[in-house]
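1. Below is the structure, and that's it, no one-letter string:
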């Protein structure tokens, strides 16, 4: 089964473009137009990865990220159309081309699958699981 990606973006044309691009790469895409709906989708749809805009109505992207992190380890890729917001978060980074973004999605999906497999092998032992997950993340980086 293909990874399920939640796209939380209030600008319909941007959300549609991301959705179409990801679907062309064989990802299953679910959408939310604001932070509140995004939080509901996280709970009901259990996405494998979240693409999250920073500037959202109802609940902003940073708050959505904080709330998701309280209960989930779902990888989150933060996006924004505003250069000032990117400069605050990543002062030396600029938006990357779609091919690079797909590569990032694949690495995040692979890490998620590796952690899930480790969890199954270790029968949910949180101490061993954390050590195994950390080791695998360092091997990928």
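-> On my side now, so go ahead. Quantities reported herein were computed from a predicted structural model and do not represent experimental measurements.

2. alpha carbons only for contacts and neighbour counts from here, please
-> Fine.

3. hmm, which helix or strand of this structure has the shakiest average pLDDT?
-> Sorting the helices and strands of the chain by mean pLDDT, DSSP states H and E puts helix 126-140 at the bottom, at a mean of 45.

4. Check which helix or strand residue 20 maps to.
-> For residue 20, the host element (DSSP states H and E) is helix 12-24.

5. Residues contacting that helix, please?
-> For helix 12-24, the external contacting residues (Cα atoms under 8 Å, 6 or more residues apart in numbering) are 7-9, 28-29, 31, 33.

6. swap the cut-off to 10 Å and go again
-> With Cα atoms under 10 Å, 6 or more residues apart in numbering as the test, helix 12-24 has contacts from 5-9, 25-33, 51, 53, 81, 98, 102, 105.

7. If you count neighbours, what's buried in it?
-> Judged by neighbour count (16 or more other Cα atoms under 10 Å), helix 12-24 contains these buried residues: 15, 18-19, 22.

8. just these now: which is nearest residue 77?
-> residue 18 (12.6 Å; Cα to Cα).

9. Now the helix holding residue 20: average pLDDT?
-> For helix 12-24, mean pLDDT is 88.
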